[in-house]
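>>> Pasted the sequence and its predicted model underneath.
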Amino acid sequence: MDRNIYGYKCGACGHINYPYRMRCRKCGRTEYTDFELVPLPKRGKLLTHTRLHNPPADYLVPTLQLGIVELENGVRVMGQLHMSNPMAGMPVEAKVEVVRRTDYDSFYGMIFYPA
Amino acid sequence: MPVDVEKILRPTDTPLPPFPPKYMTLAGGEHLVVRQVGREEIPAILPYIEALMHVERDFYDIVAARVYAELLAYFRHRVQDEYVLVAQIDGEIAAVVNGRRVDENVGMSYHTLSLRRGLRVGAHAFATKMEYHMDILGQKEVLIVAESPIGFRRWMIEYNLEKRFHIPHELGGCPSWSLTRPLFEAARGSLVVGRRPVPQELLDKAMERILPPSDPPKPPADLLAATRSLYDATGTALMSQGWILEGRK
Amino acid sequence: MRKVYAVGLGITSFTRLEYPLSEIAAYAGMMAMRDAGLAAVDHVYVANMGAGRINHQTGLASAVVDSLSLTPAGAETIENGPASGASALKTGFLAVASGVYNVVMVIGAERMREANNLETTDFVATLTHPIAEYVYGVTLPSLAAMFTRLYMEKYGVTERHLAMVAVKNHDHALLNFFAHLHEKITLEGILDSPEASTNNPYVSEPLRFFDCCPVSDGGACVILASAEAARKLGKPMVRLAGVGQATDTHAVHEREDPTELAAVRLAAQQSFKMAGVQPADVSVAELHDAFTILEIVESEEVGFFPKGQGHLALERGETRLGGRLPINTSGGLKAKGHPVGATGVGQAHEIVLQLRGEAEKRQVANAKVGFTCNFGGFGNNVVCLTFIRED
């Protein structure tokens, strides 16, 4: 099952907000139901990255790779990375998989692989 | 003819290669010297360990109590093939690590006790212990347990130790984890630190005497105050601890 | 708008404290009352972030105002993440400037070490965006690390510069009795020697252990008063002359320019404008160095150095005690400690102390204008304060 992460497209100006906010950041329209859910593209460019050596308690792994990616449509996202040699500027592609597990829940998000 | 009971009670030690001393530079620029100590130096160390048995936080009390027992057992010839390494800064004791050779392939890590806060002395000391088992004794794996969650995260999680839950660790009942040779080789960069040989003046200072720690973890003024106020509904113990710390009578 | 003066100072050690949180807060308040020579105040603000979650105490200000026997004076708890302290000072400033109150006590207090390290890391991570950041396992150090990497690539800041900030602040803290860390560190020990990677391991690449501030408990208090009340008390006339605040997007990836801290720039501009001074007039500053990179970047964004040149000024020794513009003479968050809610007030405490001429071994000669920058979240809510000595 191919999951998606969704952006919130403003009905008035077309700007895609990610993450969700109450009023569009670009035009400030106040119509509550005016956002359209649009699946975010999964390909993009890696902007910056880090390898976190002290991950939160939920993660029983020694390190966690994180990065910020600029997607094809200009929207930027945070994601986990699965790659051995991340470099700023490299093309990446995402799968939406489990990124965090607590005692009872699983949370899905973007995991980027080299494109 | 008197029966020599001691001969029956005393285990026969396998001759073990000694640990060649090494030294490291710490964050503040001082040097840490790690060397092996023989039985004759144990009585000098025991009082420093004893003081830590009364520090009730960060599992110092239980680790110190167990290390005391292990060092005493080593001194009194009641444990087989134990080794003790001591880390010193300018002669002052900064950490004690110990362990045991189970057989030619398996080592048993006992404890890592740091007597100097900050400075990551514990990390250096743990690393030298692993080096002793793997590089000097040439073993294939080391069995490890952790009393504190910090130890668990630093060793079990960080080095991806393998579970050996069917082997009870000699420390008592807790499930063992193992640092295998492949895991050790993969982490060699961070696990084998320090330099040899130790410069002569540093080594001489370290070998001369084991000096008391200058800034060890201290017990709180009132044992009761170390517990949460849950156990002291009036909160009086906490206040009186504060007054003692301020020097009030 | 009336002029507002800082008339009383109180602080606890920033370290691991075994006292209840309300006591930590009240102690700092009591010390400030003693310093000012006051028996009562009109109102109390308490800055704090974790009382409800970590210390099981909500309504902290109500507990503190009674502990200090200041009832029936009004009291509120102010929470703005790590910028709680400066936000509380800003609120106290507005209260006195408006004319509603004459003497206002502003306390910042935090007791983070009541919980274990994993719990406090998670607690601080709740500042991040829950859906776009938190679920990925993002913690504040990882956000700072990604920002640092961009800065290193764009302006040539190196790990050496970060280490220099840590060494400088540790040196300053050795002169500060109340600082958390009294630990001399050297570039050799944390960066150059073969064992440096064990002494100073990566927390989140490229940030290392000594690039991140410790977890501390502590409390600080500054009492603000009208000009009339200040003159009556006979304390040196140190005026809180300018306050500024600005916000930015919650999720870090949505910042317009990921190498900028726009909120810092705007807040500083506002603060300087209100005070009627320029960045070049500042004699001493406390910048929010929860991560060493932040001291460098904030020193540029507030206007002390051109963009991308903060690390060069650091190299030249300009920001050390004795240099042209000493930054973080208290030891900064890195060495003085970071009890989250208390930090903003602790920074103001240091600046007022400097402007009064009471900083002893850390004294900056002829300190006339002081500045603090309190950074909330990761750059999404920043409060800046400007102080001027008037007599």
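Arrived safely. Numbering: from 1, shown residues only, chains lettered A, B, ... in the order given.

>>> C-alpha from now on. contacts and neighbour counts both.
Fine.

>>> Let me see the contact set for the residue lying closest to A:Val98 once chain neighbours are set aside.
Counting by Cα to Cα, 6 or more residues apart in numbering or on different chains, A:Tyr108 is the residue found nearest to A:Val98 once chain neighbours are left out, at 4.3 Å. Neighbouring residues of A:Tyr108 by Cα atoms under 8 Å, 6 or more residues apart in numbering or on different chains: A:96-100, C:135.

>>> Next up, identify which helix or strand A:Tyr108 is on.
strand A:106-114 (DSSP states H and E).

>>> so for that strand, what's the average pLDDT?
Strand A:106-114 shows a mean pLDDT of 95.

>>> and it, which residues are buried?
Across strand A:106-114, burial judged by 16 or more other Cα atoms under 10 Å in any protein chain shown covers A:108-114.

>>> Now C:Asn169: which helix or strand?
helix C:159-173.

>>> in that helix, what counts as buried?
Of all the residues in helix C:159-173, those buried under the rule 16+ other Cα under 10 Å are C:159, C:161-173.

>>> counting contacts, what elements does that helix pack onto?
helix C:187, helix C:292-301, helix C:310-315, helix C:332-336 (3 or more Cα pairs under 8 Å, 6 or more residues apart in numbering or on different chains; DSSP states H and E).

>>> Of the ones you listed, flag the one that's most buried.
helix C:332-336 (a mean of 32; mean count of other Cα atoms under 10 Å in any protein chain shown).

>>> what's next to that one, contact-wise?
With Cα under 8 Å, 6+ apart, helix C:332-336 has contacts from C:14, C:166, C:169-170, C:173, C:176, C:178-182, C:211-214, C:286-292, C:330, C:343.

>>> The residue nearest the centre of chain A: which element?
With distances taken as Cα atoms, centre = their mean, A:Val77 lies nearest the centre of chain A, 3.7 Å away. A:Val77 is part of strand A:76-81, with elements assigned from DSSP H and E.

>>> List the strands paired with that strand, with their directions.
Under the criterion DSSP bridges, strand A:76-81 sits next to strand A:64-71 (antiparallel), strand A:106-114 (parallel) in its sheet.

>>> Count the neighbours of A:Glu72 for me.
14 (other Cα atoms under 10 Å in any protein chain shown).

>>> State the phi and psi torsions of it.
Main-chain dihedrals, A:Glu72, degrees, to the nearest 10: phi -50, psi -30.

>>> excluding its backbone neighbours, what's nearest it?
Leaving aside its chain neighbours, A:Glu72 sits nearest to A:Gly44 (5.0 Å; criterion: Cα to Cα, 6+ apart).

>>> List the contacts of residue 100.
I'll assume chain A. By Cα under 8 Å, 6+ apart, the contact set of A:Arg100 is A:58-59, A:106-108, C:135-137.

>>> Identify, from those, the entry nearest to chain B.
A:Tyr59 (9.7 Å; Cα to the nearest Cα).

>>> who in chain C is up against chain B?
Chain C comes close to chain B at residues C:18-19, C:183-190, C:193-200, as judged by Cα under 8 Å from any Cα of the partner chain.

>>> Of the residues you listed, which belong to helices?
Counted as lying in helices by DSSP state H, out of the residues of chain C next to chain B, are C:187, C:196-199.

>>> most surrounded residue in those?
C:Thr198 (28 neighbours).

>>> mind listing what that residue touches?
Here C:Thr198 is in contact with B:120, B:123-124, B:190, B:193 (Cα under 8 Å, 6+ apart).

>>> how far away is the residue nearest to B:Tyr110 when sequence neighbours are not counted from B:Phe75?
Using Cα to Cα, 6+ apart and skipping residues adjacent in sequence, the residue nearest B:Tyr110 is B:Gly99, 4.5 Å away. When Cα to Cα, to the nearest Å is applied, the distance between B:Gly99 and B:Phe75 equals 14 Å.

>>> Repeat that for C:Val4.
Distance check for C:Val4 against B:Phe75: by Cα to Cα, it reads 69 Å.

>>> More neighbours: which of those two?
Using other Cα under 10 Å, the more surrounded residue of C:Val4 and B:Phe75 is C:Val4, with 30 against 17.

>>> Show me what the more buried one bridges to in the sheet.
The partner residues for C:Val4, given DSSP bridges, come to C:Ser226.

>>> how much space between it and chain B?
According to Cα to the nearest Cα, to the nearest Å, C:Val4 and chain B sit 34 Å apart.

>>> Up against chain A, what does chain B have?
When proximity is defined as Cα under 8 Å from any Cα, chain B approaches chain A at B:157-160.

>>> Would you mind putting those residues into TSV with neighbour count, distance to chain C and pLDDT alongside?
Conversion of those to TSV gives the following (neighbours: other Cα atoms under 10 Å in any protein chain shown; distance: Cα to the nearest Cα, whole Å; pLDDT from 0 to 100):
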residue	neighbour count	distance to chain C	pLDDT
B:Ile157	16	14	80
B:Glu158	17	12	81
B:Tyr159	19	14	84
B:Asn160	19	17	85
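
>>> Which of the residues you listed lies at the shortest distance from C:Leu312?
C:Leu312 has its nearest neighbour among these in B:Glu158, at 36.2 Å by Cα to Cα.

>>> check contacts around the closest one.
A:61-63.

>>> Chain B next: which of those residues are close?
Of the residues in the contacts of B:Glu158, proximity to chain B by Cα under 8 Å from any Cα holds for A:61-63.

>>> how about CSV for these, with pLDDT, distance to C:Gly10 and secondary structure added?
Listed next are the ones next to chain B among the contacts of B:Glu158 as CSV, based on pLDDT from 0 to 100; distance: Cα to Cα, whole Å; DSSP: H, G, I helix; E, B strand; the rest coil:
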residue, pLDDT, distance to C:Gly10, secondary structure
A:Val61, 85, 43, coil
A:Pro62, 85, 42, coil
A:Thr63, 91, 41, coil
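
>>> can you redo these as TSV with distance to B:Lys205 and neighbour count?
Output for the ones next to chain B among the contacts of B:Glu158, formatted as TSV (distance: Cα to Cα, whole Å; neighbours: other Cα atoms under 10 Å in any protein chain shown):
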residue	distance to B:Lys205	neighbour count
A:Val61	41	17
A:Pro62	38	17
A:Thr63	40	17
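
>>> Return the closest of the residues you listed with respect to chain C.
A:Thr63 (8.8 Å).

>>> Domain map for chain A?
Residue ranges for the domains of chain A, per automatic domain parsing: A:6-39, A:43-114.

>>> low-confidence ranges in the chain?
All of this is about chain A. A:1 (pLDDT under 70).

>>> switch to chain B, that's the one I care about
Under the criterion pLDDT under 70, the flagged ranges of chain B are B:1-2, B:119, B:172-173, B:220-249.

>>> Helices of that one, start to end?
B:5-9, B:42-52, B:60-75, B:121-131, B:149-151, B:181-186, B:188-191, B:200-208, B:223-226, B:236-245.
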